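Visitor: got a predicted model here, sequence first, then my questions.
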Amino acid sequence: MEAIVEVHNLNKTYKKRKTGELVHAVTDVSFEVYPGEILGLLGPNGAGKTTTIKMICGLLRPDSGAITIKGIDNKQKRLKALKHISAVLEGNRNLYWRLTVRENLEYFAGNRGESKREVRERIEELLENFRLKEKEHELVNRLSRGMQQKLAIAVAMLADTEVILLDEPTLGIDVETSYEIRGMLKEIVKKYSKTIIISSHDMDVIQDICERTVIINKGKIVINDRIENLLKLFEVRTYKLALGTTLTNEQQDKLIQIFPTYKYEPDRYQSSLEVDLLGNEEIYELFDILKLANTPVESIDREMVNFEQIFMKILKGEKGNGSLAQSS
Ligand SMILES: Nc1ncnc2c1ncn2[C@@H]1O[C@H](COP(=O)(O)OP(=O)(O)OP(=O)(O)O)[C@@H](O)[C@H]1O
């Protein structure tokens, strides 16, 4: 499948106004986005997500590198390329605060050359899809942040572009509306065959709605992979065991060889032992060690690693189990 957005070796440096110091906001960033995909740009604050999004939607000029949208270079044929993209940027909701929900939709639909009936139908559909119908006559400045964000996305949908860029769409929004927006985005992609690039520092949001994520840290891509693969790559299970007695020195020597990160708290009546296991085989090695002194196991609890822990490991530069993470 051909990519709909291609980003090649982007670089952007800012100069701090006060000190003149250079900030390398984006360094050699390359990735592709495929039609129908929701791609997550994930990274901590200051990672370079907004800068990347602004370069893709033509609001910032890269120092070097290229961006193509549907094969059109956005430097050489800027307007033609940008016709395929709409964006909702964080903190800048592109809405008229003194107009109502419906009036905003009517205003932004106004200059698209559609007939009045077509415009009315589109607006009705968006009001329904974004569950804004009951607030259609409310002034935007009276709406909650979550409602404003839903309207901003609905306005972006009016342009009917294939690609939609969303910068931190759930930031500062209550949990319920955040879930509602996530659900809507999934629906939009399916129903209207859209491609979405979404930036967030929230692992939960990315894991919930994206199939693939590009993780950025300090302006550089550290990983570009399917979330499912990342979960497999870092599949570590922590086993917590309650033991009926203490471990012998020989058992502890063996443990440190096989499970270097193990945690042990001895207690005459009930000791606790925590080990991280990568593969299924290792559990047998653990039982072999316990058998050496016939240590009774009173209970076992298992915890799976979650995407948030994986994200932290990736930021710390860990490579996962066995196969190396790719970074392009
Ligand atoms: N106009 C600017 N002038 C100077 N430095 C800037 C400017 N805009 C961004 N930066 C710096 O560039 C780096 C990347 O910022 P960017 O906003 O792209 O990151 P981000 O991942 O979107 O983070 P956040 O979630 O905090 O917005 C940061 O160190 C930021 O301080």
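Guide: Nice, thanks for sending it over.

Visitor: tell me how many other residues crowd the residue nearest to E285 when sequence neighbours are not counted.
Guide: Nearest residue to E285, sequence neighbours excluded (Cβ to Cβ, 6 or more residues apart in numbering): I258, at 5.4 Å. For glycine as for every other residue, the C-beta is placed from the backbone atoms N, C-alpha and C. For I258, the count of nearby residues is 14 (other Cβ atoms under 10 Å).

Visitor: from N74, how far out is I258?
Guide: Noted for I258: a distance of 53 Å to N74, by Cβ to Cβ, to the nearest Å.

Visitor: what are the ranges of the strands in this structure?
Guide: Residue ranges of the strands in the chain, as given by DSSP state E, are 5-15, 22-33, 38-42, 64-69, 72-73, 85-88, 163-167, 195-200, 212-217, 220-226, 237-243, 263-265, 271-277, 297-304.

Visitor: mind putting these into TSV with mean pLDDT and mean neighbour count?
Guide: Formatted as TSV, the strands of the chain follow (pLDDT from 0 to 100; neighbours: other Cβ atoms under 10 Å):
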stretch	mean pLDDT	mean neighbour count
strand 5-15	96	18
strand 22-33	95	19
strand 38-42	95	26
strand 64-69	96	18
strand 72-73	94	15
strand 85-88	92	24
strand 163-167	94	24
strand 195-200	94	25
strand 212-217	93	24
strand 220-226	92	18
strand 237-243	89	17
strand 263-265	95	14
strand 271-277	91	18
strand 297-304	87	11
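
Visitor: up against the ligand, what does this protein have?
Guide: 14, 16, 23, 25, 43, 45-51, 201 (Cβ under 6 Å from any ligand atom).

Visitor: right, and V189 touches L39 too?
Guide: No - at 10.8 Å, V189 does not count as touching L39 under the criterion of Cβ atoms under 8 Å.

Visitor: need the residues touching each of those two.
Guide: The contact sets of V189 and L39 overlap at T195, I196 (Cβ atoms under 8 Å, 6 or more residues apart in numbering).

Visitor: quick one: pLDDT of the residue in the stretch 101-250 of the chain positioned nearest to the ligand?
Guide: Nearest residue of the stretch 101-250 of the chain to the ligand: H201, at 5.4 Å (Cβ to the nearest ligand atom). H201 carries a pLDDT score of 87 in this model.

Visitor: show me the contacts for it.
Guide: Counting by Cβ under 8 Å, 6+ apart, H201 makes contact with L42, G43, P44, N45, A47, K49, E168.

Visitor: just checking, the fifth one touches K218?
Guide: Yes - with contact defined as Cβ under 8 Å, A47 counts as touching K218 (6.6 Å).

Visitor: who has more neighbours out of those two?
Guide: Between A47 and K218, A47 has the larger neighbour count (other Cβ under 10 Å), namely 24 against 15.

Visitor: for that one, give me phi and psi.
Guide: phi -70, psi -20 (degrees, to the nearest 10).

Visitor: for it, give me its contacts.
Guide: Applying Cβ under 8 Å, 6+ apart to A47 gives the contacts H201, I216, N217, K218, G219.
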